[in-house]
Structures are given as C-alpha cells and as structure tokens.
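Q: give the three-dimensional model of this entry:
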Amino acid sequence: MPRVRPGQVRFHRSGIIAEGAVSPGKGGGGLFFWEKMVYDAGEHREDKGGIAVAGLRREDVLMKLPAALHLTRLGYGYFPGREALRDRRTNILGDSLRAAVSRINGEALREEQAQELMDTLAESLNRPDLGERFYRLIREGWQGRRLIDYGRAENNEFLVIPELSCGQGKSRFRPDLTLMVNGLPLAMIEVKTERQSKGIQAEYDRMRDRFGRPEFRPYLQAAQVLAFSNNREYDGDRLLPTEGACFATIAREDFPLRVFPESYRGTGVQLRETPPETLEALLRDLGLKALPRNREARRSLSPQTLTHRMLTALFAPERFLFLIRCGLRYGQEGAELRKNLLSAEQFFALWQARGKIRRGFRNWRMAAHGASGEAALIASLMEMIQEEMPDSRIYWVAANRRELKQMDVRLREVGLETGRRGRTEAGKPLLMEPAERPKTWLREAEERDFAGRRVFILPSPFPGSERMSRFASGLRGADPGAMIIRYTRAAEPEQGGNYTYLLECADGSLYCGWTNDLGRRISAHNEGRGAKYTRSRRPVRLVYYEEFASKEEAMRREWRMKQLSRGQKQRLIEAWRQPAEEQEGEQES
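A: You can find the predicted model right below:
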C-alpha cells in the first residue's frame, strides 16, 4: 500500500482530504469513508468495513464532528477542550461566568465576588443532594444576581466543547461533547455510530457507575441533561431506550432514560451558517482540511438525522433554557430525594402551552402523554403560568374530593406547595372541587377583590361527573376573561375500545381505518401486515383518532370520514392536535 510523506495532503474520490494519510490503493472504492491518518513509521490497519483507521475513531468523523457542527448552526460557539481555562473542581469557565453575570445584571462582578461565586458553586456540587443546591443557584440566582437570563436567550453565551476532561489526577473521563451556558457545564452528550449496537448501553452504564464515585460527583451533578444517540432510526414501534436517541438526568439508582420520538421532524428553529473560523477550528482539531464529501459523510451532516433532530428539539438555546427552567423538578418520594425530568412528549406539550399563553389563547387542550411524570408536568405547567402571567390565579379543578387529595399529595411530592379553596395563599395554585354555580362562587369574599386573570385546569374528558360538566359549561359566562385548559391524562388510547383513525403515510398521503386495538393495528401497518395501501407507504404514524362505544359506530364514522376531502381531513387533524381558541369555543357551545 503506497504511503505519503508526513504533512502531505492527498485527495481521493471518496471526498476526504487526509493529511499524512495512507492511500486507498486500487481496492479503496468510492464508498469507503476516509478518516484522518496519523503517519507513524508507516503504521496502518483496516477495520471490517474497509475503512483505514489510525489515530481517530470512526465516530469522531461520522458523529462527533457533525453533532458539533449542528450545534454551531443552532447558535453555539466552539471552544477546544484542551484550551479551556476552567476550575478543575467543577469544569466551570470562570472568565465566561464572570462576564455573563456582569452583563446580565448590568453591574461588574469584582474579582473577589467572582471567586466567592466559584467557591459557592463548587461547594454546592459536592453535596450529596443530586445537585439540588446547584440547581437552585442557576435557576434563582446568587446574592440577588442572575447567573442565566432565561427571558432572553441571546443575552447568554452558549458553547460546545469536545472531550472536556472531568476529574483530577488519574481518575478522569471525557464526554464526547459538553454544552456550556455562561461557562456552566449543563449538558453532556455521548454519540456512537449505528454499527455500535451496544454503544448507548455501555455509555449509560459507565455514567451510572461514575455517579457512585465521589470524585466524579461534581461534574455529573452540574450536568442537568445527559444525552445519548447512535443515530439509528427506530424499527417500527420497537422503541428501546438503548438505541436511537435518548436523554436522562442523574438519579441515585438507575437514570430513567427518556426516548426521543422518531416522528419529531421539525421545530421551527432557524439554522445558521457555521462561521468560517469555527469550521476551521473544528476541522483543525480533527486533523482535516475540509468537510467529508462522500455519501455516508453527507448523510451524517444532514439536519434531519435522529441525533440532530434531538439536538435541535432539546438544545437549541431558547429550548435548552426552557428545559432547565421548566423541565426539571426535585421532590421527595418517601424519605428519598428524587430529580424528575419530563419526557420529550411532555416537554413539547409544555413548550406548546407557553406559545399558546403568549399568543393569548383562552381555551385550549393539553395532553399529559401517559401517567408517568404527570404530577411533575402539572407542577411545571402551573409554575410556568405564574411566571408568564404574574397576576394570575391558578385553579386545579378535581372531579371529587378523593381526586383532589391525591393530586395535592402528588404535587407536594414534586416540590409544589398548593392552597385549598377557602384558604387562599398568595402565589400558590389552588385545588378545588367544582362549584355548583360559578357566578355565585366568584362573588364569594375570597374572590371579590381579585383583579387578575383566573386560569382553570380541568381534567378532560370529565370522569362521569355531571357536576364537573355543569361547572365547565358555566365558566365561560361567569368569567369571560378566564383561561380554561382542558387537561387530558392519556395521549394515546387504551385497548378495548372501538376507534376510527387517520394515519399519515411516508409519502404524505392519509389513510383512514377502524380497529378495536389501535396500538396493535398501527404496529401491523408498520410491519406490512395491515392494509394493502399502507404496505408500500411505510412507515406510517397516527395523526387522528376518535373513540366509539360500538364497532358499528366506528365503522359508520370510517365511511363518512372517507368521503371527506384532504383539506377537510387536515382541518380535523389540526383541530385535534392543537385546537385553536375559536374551535374550542364552538365545541363548548
């Protein structure tokens, strides 16, 4: 195999420009992916895929480089890990933090104050409290100073740093990518190639083992989110937390992994051009002269890979701040302290809820997407409403006294203190049973002088309570300015009903059918065992369904729905997923 001299650059049709590389020779082939070579006395080897490797792993070029580039397109700056001047105890970038705190608060932070802040953060990260004290500091501030500006993402500094060493002495580990906000290391990202089928499981096990070691505790307690991906698209409905893309936060035992949904394709986030100097620094750190240009490399750079969709959805600057502020909660489960992280679906629902609040919607629906983490989602929703609407008063309306007591206990377990009707406490959401006559209730003494806006969260569909239904229908007339959120506990239907449904196929077309087991029927469609129409248009995804008491009703609705035009079906889907204020008002009347 021919050799090149050290420092010599050689081009190959595969698209990689290798410096100090071994030539592919006749058997190289245009589809072979070339990586950086380290010229060392002519030493070389080839892996099973025909890729010559020496000095740089395949995942560096196929996963780490594209992920870092994608983050720069989201607005992150790039900072080489070996150049990071940081506090070795915590990996916090002191100069960045000091500059950010001075900028956000409009007052220069003196050197002795900056050192006191660094010591306070280091002390908080060494506590055996799952990082709760540190989280309070980054969320609420230190000595009246904000460390992060949650209201204006552009007022913060976002950095991505590869291979940032965590630990001191011989005990160290290096996450593939570390995300910094104002010099605070708030996320760690581990990426693997699709060939590494057990890569996510191995990294997850290592992270869990590291958290049990005191020398690594400060670094993992600082990271609010741990993300893993091997870029492998899911196989139909087979969603395993150790393949594809998933994320977690620390816990004393196992870290509950949250699967990132494959169907999530777009977020409306605008991608920027990577600054030339940033691209040059990235390539230089990997020993490359230009971006790879072969088929596999181009695919890995696409913003629509599973890894990049997760990075966009969770770590775009504004979204990352929202996830830190509203997606994490501490609470007690018995005598044990727990840290809760919303699932991806719950996070998206909360993000959409904020958008509806800011657009002035008065009547809308929100889904919990399963019972897991429901109390944390409700608590986060209530706190978000209070922050977005400081003059509001929030009411959770329970169907009966038993449900009211259960919700009170569950909200307190996730760290939210509540009030009860008749014992109004400022700043606390109120739990109540439905009043027989809303107009009369609003005239009571506790409501007479309230000039703010009321927000009612009502479970929907109402669990067989006529009293709840009367209260819901009477709220509109009793308080026209109130915001009514109809909260649905289950995002997906349960087995045992009769359903008429709409699927969106891979080619964008819509398919209508009926079934008595929706989950199993969708799986059959995706496995090619469903209808002939969907067999050649996989994968499909559920976009609409209605539930009926009998098979005959579901079949009649299927026939009627098939007579609708595509535009009429699209309006059904839009009204079902994100009902606008006017549509909700029509349904109530």
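Q: next up, the contacts around L510.
A: 502-504, 543, 566, 569 (C-beta atoms under 8 Å, 6 or more residues apart in numbering). C-beta here means a position set from N, CA and C on the backbone, and glycine is covered the same way.
Q: what separates L306 from V259, distance-wise?
A: 11 Å (C-beta to C-beta, to the nearest Å).
Q: give the contact list for R133.
A: 124, 127.
Q: quick check, it in a helix?
A: Yes. According to DSSP: H, G, I helix; E, B strand; the rest coil, R133 belongs to a helix.
Q: and the pLDDT at it?
A: According to the prediction, R133 has pLDDT 96.
Q: element containing Y545?
A: strand 541-548 (DSSP states H and E).
Q: I should have written I189 there, sorry.
A: strand 184-191.
Q: surely V455 is within a strand?
A: Yes. V455 forms part of a strand when assessed by three-state DSSP.
Q: any idea how far it is from A478?
A: 14 Å.
Q: before we move on, what SS does R272 have?
A: coil.
Q: any idea how many residues pack against F260?
A: 26 (other C-beta atoms under 10 Å).
Q: can you start the count at 30 instead of 1 from here on
A: Okay, residue one is now 30; in that scheme the one you just asked about reads as F289.
Q: give the buried subset of the contacts of L539 as a ChimeraX selection command.
A: To isolate the buried members of the contacts of L539 in ChimeraX, using 16 or more other C-beta atoms under 10 Å:
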select :531,532,533,572,598
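Q: re earlier: list the buried ones in the helix or strand following the strand holding I218?
A: Tracing the chain C-terminally past strand 213-220 and defining elements by DSSP H and E, one meets helix 228-240 next. Of the residues in helix 228-240, 228-230, 232-233, 236-237, 239-240 count as buried by neighbour count, 16+ other C-beta under 10 Å.
Q: one step back: between V484 and A507, point out the one with more neighbours.
A: Counted by other C-beta under 10 Å, V484 and A507 do not tie: V484 has more neighbours, with 22 against 17.
Q: you'd agree that one is up against G510?
A: No. Here V484 does not reach G510: they are 10.5 Å apart, not a contact under C-beta atoms under 8 Å.
Q: related to what we said a few turns ago, which one of the contacts of L539 is nearest R439?
A: Of all the contacts of L539, V572 has the smallest distance to R439: 31.2 Å, by C-beta to C-beta.
Q: so can I have CSV of the buried residues of helix 228-240 showing distance to G363?
A: Output for these, formatted as CSV (distance: C-beta to C-beta, whole Å):
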residue, distance to G363
G228, 35
I229, 31
Q230, 29
E232, 30
Y233, 26
M236, 25
R237, 22
R239, 26
F240, 21
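Q: please identify which pair of the residues you listed lies farthest apart.
A: For those, and using C-beta to C-beta, no pair is farther apart than G228 and F240, which are 19.1 Å apart.
Q: pop the domain breakdown of the chain in here.
A: Split into domains by automatic domain parsing, the chain comes to 106-292+328-354, 389-517, 527-617.
Q: tell me the one among the buried residues of helix 228-240 nearest to E282.
A: R237 (8.4 Å).
Q: how about that closest one, what does it touch?
A: Contacts of R237 by C-beta under 8 Å, 6+ apart are 283-284.
Q: make it 10 Å
A: If you count contacts by C-beta atoms under 10 Å, 6 or more residues apart in numbering, R237 has them with 249, 255, 277, 279-280, 282-284.
Q: now those: which count as buried?
A: For the contacts of R237, buried by 16+ other C-beta under 10 Å: 249, 255, 277, 279-280, 284.
Q: out of these, list just those in strands.
A: Judged by DSSP state E, the subset of those located in strands is 255, 277.
Q: can I get the buried ones among the contacts of R237 in a markdown table with pLDDT?
A: A markdown table is the format used below for the buried ones among the contacts of R237 (pLDDT from 0 to 100):
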| residue | pLDDT |
| --- | --- |
| L249 | 94 |
| L255 | 95 |
| A277 | 91 |
| I279 | 88 |
| A280 | 83 |
| F284 | 76 |
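Q: can you list phi and psi of A97 for me?
A: phi -60, psi -40 (degrees, to the nearest 10).
Q: swap that for M512, please
A: Here M512 shows phi and psi, under degrees, to the nearest 10, equal to phi -100, psi 130.
Q: check what pLDDT the residue nearest the centre of the chain gets.
A: The centre of the chain sits closest to L343, judged by C-alpha atoms, centre = their mean, with a distance of 3.8 Å. pLDDT recorded at L343 is 94.
Q: measure it to M413 for me?
A: 17 Å.
Q: quick one: low-confidence ranges for the stretch 80-229 of the chain?
A: Counting by pLDDT under 70, the stretch 80-229 of the chain shows low-confidence ranges at 80-86, 110-113, 225-226.
Q: where do the strands sit along it?
A: Secondary structure of the stretch 80-229 of the chain (DSSP state E, counting those that start in this stretch): strands located at 106-107, 187-191, 206-210, 213-220.
Q: output the third one as PDB, restricted to C-alpha atoms.
A: So the one you mean is strand 206-210. This file holds the C-alpha atoms of strand 206-210, laid out as PDB (Å, rounded to 0.1, in the frame of the first residue of the first chain):
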ATOM      1  CA  LEU A 206     -19.500  16.900  23.900                       C
ATOM      2  CA  THR A 207     -20.100  19.300  26.800                       C
ATOM      3  CA  LEU A 208     -22.600  22.100  26.400                       C
ATOM      4  CA  MET A 209     -21.800  25.300  28.400                       C
ATOM      5  CA  VAL A 210     -24.200  28.100  29.200                       C
END
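Q: quick one: the strand holding I218 to helix 228-240, angle?
A: If you take axes from the mean of the first three to the mean of the last three C-alpha atoms, to 10 degrees, strand 213-220 sits at 140 degrees to helix 228-240.
Q: tell me, what's touching V484 and G510 both at once?
A: R391.
Q: among the domains of the chain, which is the most enclosed?
A: domain 106-292+328-354 (a mean of 19; mean count of other C-beta atoms under 10 Å).
Q: sorry, back to before: any idea which of the contacts of L539 is closest to I407?
A: Nearest to I407 among the contacts of L539, with distances taken as C-beta to C-beta, is V572, at 25.8 Å.
Q: state the distance from the closest one to A373.
A: Distance, V572 to A373, by C-beta to C-beta: 18 Å.
Q: what does H99 give?
A: H99 is 18 Å from A373, by C-beta to C-beta.
Q: those two: which is more packed in?
A: H99 (24 against 21).
Q: is it true that the more buried one touches L335?
A: No. The criterion here is C-beta atoms under 10 Å, and H99 misses it with L335 at 11.8 Å.
Q: rewinding a little: how about the contacts of R237, which pair is most distant?
A: Checking those with C-beta to C-beta, the most distant pair is L255 and E282, at 14.9 Å.
Q: show me where pLDDT drops low in the stretch 480-618 of the chain?
A: Ranges of the stretch 480-618 of the chain meeting pLDDT under 70: 489-495, 498, 518-526, 578, 604-618.
Q: repeat that for 50
A: 492-493, 520-524, 607-618 (pLDDT under 50).
Q: how about the helices in it?
A: When assigned using DSSP state H, counting those that start in this stretch, the helices of the stretch 480-618 of the chain occupy the ranges 495-507, 547-555, 561-564, 580-591, 595-606, 610-617.
Q: could you dump these to CSV with distance to G180?
A: Supplementary listing: the helices of the stretch 480-618 of the chain in CSV, determined by distance: least, C-beta to C-beta, whole Å:
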stretch, distance to G180
helix 495-507, 31
helix 547-555, 41
helix 561-564, 46
helix 580-591, 44
helix 595-606, 28
helix 610-617, 25
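Q: among those, which is nearest R328?
A: Of these, the one closest to R328 (C-beta to C-beta) turns out to be helix 547-555, at 22.6 Å.
Q: good, wrapping up.
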